[in-house]
Each structure stands twice: as structure tokens, then as C-alpha cells.
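*Asks:* show me how the following folds:
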Amino acid sequence: MIEQRLAELNTRNTEHPPASGNEKRAYSVDDIMAILDISRSSAYILIKKNLFRSVKIGNQLRISKASFDEWLDKG
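*Replies:* All right, here's what the predicted structure looks like:
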């Protein structure tokens, strides 16, 4: 099921590529919620546990796509 959500998200990203033309390198909290089908509070708990790299930019968190995907593949 998680693989299906990742495939759906990746399909959406290829249908609407970022304006710069580069591949998306970070996920938002909403992306993580959709991929894992979890609540916002659960997503923040995972981020707080430092299971994958994240960075705060202003008031927003961005999660490294590479580290998140690696963590997800290990699970």
C-alpha cells in the first residue's frame, strides 16, 4: 500500500514537474502524511525522532526525499 502511494505521488510529481525542471528533492509534511496515510501529529512525531533528515525553512519543514525513501525502504 505504501509503495502504491509513493507511485501515485511520483506520478503526480512527473505530471506537474517543478518550474526549475529539476526533480523534487524534498517532501513536505503533507507529502509524508499522504505517502504513509498518517495524521499530521504522527508525521511530526516521526520527524522529531530523526528517522530521516529534515530542515526547517521559516515556518515550514522539508524532509529529504533521499533519506525518507531510504528509511521507508528499510522498514
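
*Asks:* model confidence score at the closest residue to residue 5 other than its chain neighbours, please.
*Replies:* Closest residue in space to residue 5, ignoring its immediate chain neighbours: residue 35 at 4.9 Å, by CB to CB, 6 or more residues apart in numbering. Where C-beta positions appear, they are placed from N, C-alpha and C, glycine not excepted. At residue 35, the model reports a pLDDT of 95.

*Asks:* who touches residue 35 in this structure?
*Replies:* Contacts for residue 35 (CB atoms under 8 Å, 6 or more residues apart in numbering) come out as 2, 5, 6, 9, 27, 72.

*Asks:* tell me, what residue is most central in this protein?
*Replies:* For the chain, the residue nearest the mean C-alpha position is residue 27 (3.4 Å; CA atoms, centre = their mean).

*Asks:* so that one is in contact with residue 62, correct?
*Replies:* Yes - using CB atoms under 8 Å as the test, residue 27 is close enough to residue 62 to be in contact (7.1 Å).

*Asks:* where does residue 63 sit: helix, strand or coil?
*Replies:* Per DSSP: H, G, I helix; E, B strand; the rest coil, the local secondary structure of residue 63 is strand.

*Asks:* hmm, it is touching residue 33, no?
*Replies:* No - using CB under 8 Å, residue 63 makes no contact with residue 33, being 10.9 Å away.
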